[in-house]
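Participant: give me coordinates for this.
(chains A and B)
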Amino acid sequence: MPNTTQPQPLAIDVRGIRRVYNVKPKPVVALDGVDLEVEPGEFFGLLGPNGAGKTTLIKILTTLLLPSAGTARIFGFDVERQTKQIRRIMNMVAGGEQSGYGILTVREQLWMFSQFYGLPSKEGWQRVDELVDAVGLDEQRLQRVSTLSTGQRQKMNFARGLLNDPWIFFLDEPTLGLDVSAARSVRELVLAWKAAVPGRTVLLTTHYMAEADELCDRIAIVDHGRILALGSPAELKRRVQRESVFRLELDKLDGGTGALRRLPGVLSAAAAAADQTSGEARQTVVVNLTLAEDAALGGVVGALGGLGSHIVALRKSEPSLEDVFVELVGRGFDEAETETDEPRSDATPGAGDPTHDSGEREEEEVGV
Amino acid sequence: MSTPYVFRPTTSPQEAANWSPRQILATDLRAVRGRAYPRVTGMFREKSWVFFEILLPFLATSAFVFVYRALQAPPEYIGFVVLGGAMTAFWLNVIWMMAQQLWWEKSQGNLELYFAAPMNIMSVLFGMAVGGFVMSSTRAVTVLLIATTLYGVSFAIDQWFLLIAVFGLTLVALYGLGMVLASLFLMWGREAWHLTQLLIEPVYFVSGMSFPVGRLGVVGSLAISILPLAVGLDAMRQLAFADAAYPLGTPGPQVEALILVAMTAFFLLAARWTLRVLENRARREGRLSVRWQ
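Facilitator: Residues are numbered from 1 along each chain as shown, chains lettered A, B, ... in the order given. All right, here's what the predicted structure looks like:
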């Protein structure tokens, strides 16, 4: 349990971090003055396209990279000078990770990593068995690592990441390349681990909006090395929701949508395609309605009654994180990914790339 | 009682980060064991090494044996070449599985996990060396036994203790050199592979794998002062075949043992230093430990 008598330092405290890669033909600015505070116990997400600077920030926080300028602390420990302390309380897992040795079994591979965290041999084997069961790899326990599927491999990587009972867990695109079922089990695993002890903190980078929305207490949207917005998913969505958008399904609408457009508070009303419902076909009219504010809906409902229309269904449309991203960046997420010119400073090439994957598998049998 | 999600409960991250010197040392030693494990296990799992690393070196050794026999060389020369053939296993292990290894670990994504773990990174190198030593010893002993039996090599050993000490020092110095090369090869990147190819035969030659290195004159003396394998092999030959004649000016085994002590200290310190430089450079430039950079 966390110490409640003394104020605990921030889990992540980043001040003015800048990171420049000196590559040709010109230096690349991966992080450009990032400030970030993450409280202990938070599930924090960094959302952005490839090349945004997410992975660079994770590498700095996990002591693998030095910042070009600025400071960063993990639970009060400085990432430049107190690397040993940080390494004792953190762990990390990246998507598409191919670490370890294909010649070993799942159990052996995890035991090997347990030794790097100082677990006594017997305790290491016990810990490995617990985690193998927890991640659902009990049937693959004695299977060689080189024969695991992508999803199984990632579950094993998660088990590796939990070996030392970290206080802070860095997850870099952890569900990259996984199918829906495997991605879901990985997310459930992280949530279960985090919920077990108050104060455990997770920093997740992802470019899957729904994943960030589902998991994170707060999210920072990053692009070109800067944090563009920061807040809870609901707060971020509210930023772009200046208008109220409703989807109305009516039994009929005599006179078309023109009558609705003329009502006070209605900014736009447009007919839309009806949902394809199973079973008996319904003759309904679907209207997308944009109002200046929610209060204008009462006038619309009254007017529809006057027109002899009955409401079959009414749904308020919420903006998605993608809408937030488009609003902040001025382009779609996919466009942002194709536009980026950052030379592999932040992306995780090879991860999920089948050709890369197979090449490494071949090598696995060689280098032990 | 631990659960999958609560293993070693601590009251705060500060407590979890505060390790005693004993805990630090234990972690470093366990990391050596952990890193040695895949090498030792791999030896039993992939049996192809019996062909590639026992039969093929044995054939190469045999070729020299037949040449010496045809030339009616003194019988101890057969012993020289058999001993050299056995030691080849260690050199090949150092050049392929020590020097190249960090570069391979980087491309595999292991290196960043090693750097991110709380152990001393030297433990990884020691683990690779211990695992490599176990692998290579099996090969070396096998080649030595088969060749000795088959070609009737007779040893004349007066100083067993010194022979064992020289053998041990040679290996520690040799694997120390391998540790230094591991860091250097990582910095040189892909060129390291070509460098490895380039180094194998010249080192065979100047180490005197198949003949007493003293025959090389000045070049031999230079090799003795630089290469652990050259000096170690020369000392072991003098100790294992005490009644053989050696080229004039060859240093005695005691002197060569002292040279090995100096080399051992130098290479281990150099390995520690290069690894520290490597880690600093990796963190500063961001292209050594991280797989895709």
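
Participant: mind checking what secondary structure A:Lys170 has?
Facilitator: No Lys there; residue A:170 is Phe. strand (DSSP: H, G, I helix; E, B strand; the rest coil).

Participant: now it: closest residue in space that isn't a chain neighbour?
Facilitator: A:Met92 (4.0 Å; Cβ to Cβ, 6 or more residues apart in numbering or on different chains). No exception for glycine: its C-beta is placed from N, CA and C like everyone else's.

Participant: does that neighbour count as helix, strand or coil?
Facilitator: Once three-state DSSP is applied, A:Met92 turns out strand.

Participant: just checking, it touches B:Ala117?
Facilitator: No - when contacts are counted by Cβ atoms under 8 Å, A:Met92 is not listed as touching B:Ala117 (10.2 Å).

Participant: list the contacts of the residue of the stretch 101-250 of chain A found nearest chain B.
Facilitator: At 2.7 Å from chain B, A:Gln115 is the closest residue in the stretch 101-250 of chain A, using Cβ to the nearest Cβ. Shown in contact with A:Gln115 (Cβ atoms under 8 Å, 6 or more residues apart in numbering or on different chains): A:121, A:124, B:30-31, B:33-35, B:37.

Participant: next, count neighbours for the closest residue to B:Ala245 other than its chain neighbours.
Facilitator: Leaving aside its chain neighbours, B:Ala245 sits nearest to B:Pro74 (7.4 Å; criterion: Cβ to Cβ, 6+ apart). Here the number of neighbours of B:Pro74 (other Cβ atoms under 10 Å in any protein chain shown) works out to 12.

Participant: verify the contact between B:Pro74 and B:Tyr246 for me.
Facilitator: No - here B:Pro74 does not reach B:Tyr246: they are 11.1 Å apart, not a contact under Cβ under 8 Å.

Participant: now do the same for whichever helix in chain A runs longest: mean pLDDT, whole number.
Facilitator: Looking across chain A with DSSP state H, the single longest helix is helix A:180-196. Averaging pLDDT along helix A:180-196 yields 89.

Participant: for the very next helix or strand once past it, the distance to its chain's centre please.
Facilitator: The first helix or strand that comes after helix A:180-196 along the chain, using DSSP states H and E, is strand A:201-206. Relative to its chain's centre, strand A:201-206 lies at 7 Å (Cα atoms, centre = their mean, to the nearest Å).

Participant: in chain B, what residue lies closest to chain A?
Facilitator: At 2.7 Å from chain A, B:Gly34 is the closest residue in chain B, using Cβ to the nearest Cβ.

Participant: could you check how far that residue is from B:Pro4?
Facilitator: Taking Cβ to Cβ, to the nearest Å as the measure, B:Gly34 falls 21 Å from B:Pro4.

Participant: those two: which is more packed in?
Facilitator: When B:Gly34 and B:Pro4 are compared for neighbours, B:Gly34 comes out ahead with 26 against 19, by other Cβ under 10 Å.

Participant: buried residues, the helix or strand containing the more buried one. List them.
Facilitator: B:Gly34 is located in helix B:21-45, with elements delineated by DSSP H and E. Judged by neighbour count (16 or more other Cβ atoms under 10 Å in any protein chain shown), helix B:21-45 contains these buried residues: B:24, B:27-43.

Participant: do stretch A:98-114 as well
Facilitator: For stretch A:98-114, burial by neighbour count (16+ other Cβ under 10 Å) applies to A:98-114.

Participant: check stretch A:253-266 too.
Facilitator: Neighbour counts over stretch A:253-266 (16+ other Cβ under 10 Å) mark A:253, A:257, A:259-260, A:263, A:265-266 as buried.

Participant: among those, which are located in strands?
Facilitator: Members of the buried residues of stretch A:253-266 lying in strands (criterion: DSSP state E): A:Val266.

Participant: if we check chain B, which of the buried residues of stretch A:253-266 are in contact?
Facilitator: Near chain B, judged by Cβ under 8 Å from any Cβ of the partner chain, there are no entries from the buried residues of stretch A:253-266.

Participant: between the buried residues of stretch A:253-266, which is nearest chain B?
Facilitator: A:Gly265 (51.1 Å).

Participant: got the contact list for that closest one?
Facilitator: A:291-293, A:295-296, A:299-300.

Participant: got a quick PyMOL command for the buried subset of those residues?
Facilitator: Buried subset of these, written as a PyMOL selection, criterion 16+ other Cβ under 10 Å:
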select buried, chain A and resi 291+296+300
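
Participant: CSV for the contacts of A:Gly265, including secondary structure and distance to chain B?
Facilitator: Listed next are the contacts of A:Gly265 as CSV, based on DSSP: H, G, I helix; E, B strand; the rest coil; distance: Cβ to the nearest Cβ, whole Å:
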residue, secondary structure, distance to chain B
A:Leu291, strand, 47
A:Ala292, coil, 49
A:Glu293, coil, 46
A:Ala295, helix, 47
A:Ala296, helix, 49
A:Gly299, helix, 53
A:Val300, helix, 50
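
Participant: could I get the contacts of A:Gly265 as JSON lines with pLDDT?
Facilitator: Output for those, formatted as JSON lines (pLDDT from 0 to 100):
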{"residue": "A:Leu291", "pLDDT": "87"}
{"residue": "A:Ala292", "pLDDT": "86"}
{"residue": "A:Glu293", "pLDDT": "85"}
{"residue": "A:Ala295", "pLDDT": "87"}
{"residue": "A:Ala296", "pLDDT": "89"}
{"residue": "A:Gly299", "pLDDT": "90"}
{"residue": "A:Val300", "pLDDT": "91"}
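
Participant: one step back: secondary structure of the residue nearest to B:Ala245: a strand, I assume?
Facilitator: No - per three-state DSSP, B:Pro74 lies outside any strand segment and is coil.

Participant: and B:Ala147, backbone torsions?
Facilitator: phi -70, psi -40 (degrees, to the nearest 10).

Participant: so who does B:Tyr151 touch?
Facilitator: Per Cβ under 8 Å, 6+ apart, neighbours of B:Tyr151: B:62, B:65, B:78, B:82.
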